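# Model the following, please.
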Amino acid sequence: MNAVRVLFALSFLLLGGCLATLKEPIPLGETAPRHLLGAWAGTDEWGEERFLEITRKADGGYHALAWRERLDNRDRARGYDFSVARHGERWYLSVAAPERLGGNFAFGGFELTDDDELVLYSLDIQQVQAALEADELDGQTVETEEGDGVLIASPLPKVYRFLDDQANSDVFSEVARFARVTE
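Alright, predicted model coming up:
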């Protein structure tokens, strides 16, 4: 599989591999921890330096600017609108995926650590495919320019039940880790 998962849009889900997508986004309106807002710097799983600037939108969603190489390189930033939801102990996000990655809405997770870090997670495609084959989730494998991804057709409550099951605790893989930027 090629490396291109939407880095939390953001390239947050940073475009870095095959995606797990949903047909519908997480609904707008849930408020993420205020600490999510602001500027972040970090390194993705391929060792590339990444930057994010996250703001809240008037409609209840969020917007992230994502770029790489240098903190002052905002002129090359890409913007991503995303929504969040908390279920159980986890925070989730969804962001529109580009057509070349199958369209729909990329789905991932995030956490804000006690060490003032933002950690982004994506779903492990092989494990989600196994869940589809075992009828734990509904959906299908989708071919994209970047490799096979998965379109999850199950409603969000069923997806959350699957993710909350301790047997599936390893379905997430860390995509990137960011530290707060204090300019």
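# Could you tell me how many residues sit around Tyr160?
16 (other CB atoms under 10 Å). Just so you know, the C-beta spots here come from the backbone N, C-alpha and C atoms, and that holds for glycine as well.
# OK, contacts around it?
87-88, 92 (CB atoms under 8 Å, 6 or more residues apart in numbering).
# Could you identify the helix or strand that succeeds the helix or strand harbouring it?
For Tyr160, the host element (DSSP states H and E) is helix 156-164. Using DSSP H and E, the next helix or strand after helix 156-164 towards the C-terminus is strand 172-180.
# And that next one, what's buried?
Of the residues in strand 172-180, 172-173, 175-178 count as buried by neighbour count, 16 or more other CB atoms under 10 Å.
# Is it possible to get TSV of those that adds pLDDT and distance to Glu48?
Below are the buried residues of strand 172-180 laid out as TSV (pLDDT from 0 to 100; distance: CB to CB, whole Å):
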residue	pLDDT	distance to Glu48
Phe172	90	20
Ser173	87	17
Val175	82	12
Ala176	81	9
Arg177	87	13
Phe178	92	13
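# thinking again about what came up before, so which of the contacts of Tyr160 wins on neighbours?
Going by other CB under 10 Å, Tyr92 tops the contacts of Tyr160 with 22 neighbours.
# all strands for this structure, in order.
Applying DSSP state E to the chain gives strands spanning 7-9, 12-13, 20-22, 38-44, 49-56, 62-68, 78-87, 90-96, 105-112, 117-123, 139-144, 147-152, 172-180.
# Averaged pLDDT, the second one. What do you get?
Averaged over strand 12-13, pLDDT sits at 40.
# go on, stretch 116-127?
Rounded mean pLDDT across stretch 116-127 is 91.
# For that stretch, measure first residue to last.
Start and end residues of stretch 116-127 are separated by 30 Å (CA to CA, to the nearest Å).
# Just checking the distance from that stretch to the centre of its chain.
7 Å (CA atoms, centre = their mean, to the nearest Å).
# Repeat that for stretch 65-79.
18 Å.
# What residues sit buried inside that stretch?
For stretch 65-79, by 16+ other CB under 10 Å, it's 65-68, 77.
# Same list (those) but as TSV, adding pLDDT.
Output for these, formatted as TSV (pLDDT from 0 to 100):
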residue	pLDDT
Leu65	91
Ala66	88
Trp67	87
Arg68	81
Ala77	86
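# Just the closest of the residues you listed to Ala106, please.
Minimum distance to Ala106 across the buried residues of stretch 65-79 is 12.9 Å, recorded for Ala66 (CB to CB).
# My read is that the closest one contacts Tyr80, right?
Yes. Counting by CB atoms under 8 Å, Ala66 does reach Tyr80; the two are 6.5 Å apart.
# what about Asp114, neighbour count?
5.
# Show me the beta-bridge partners of the nearest residue to Val159 once chain neighbours are set aside.
Closest residue in space to Val159, ignoring its immediate chain neighbours: Ile152 at 6.1 Å, by CB to CB, 6 or more residues apart in numbering. Beta-bridge pairing for Ile152 (DSSP bridges): Leu22, Gly139.
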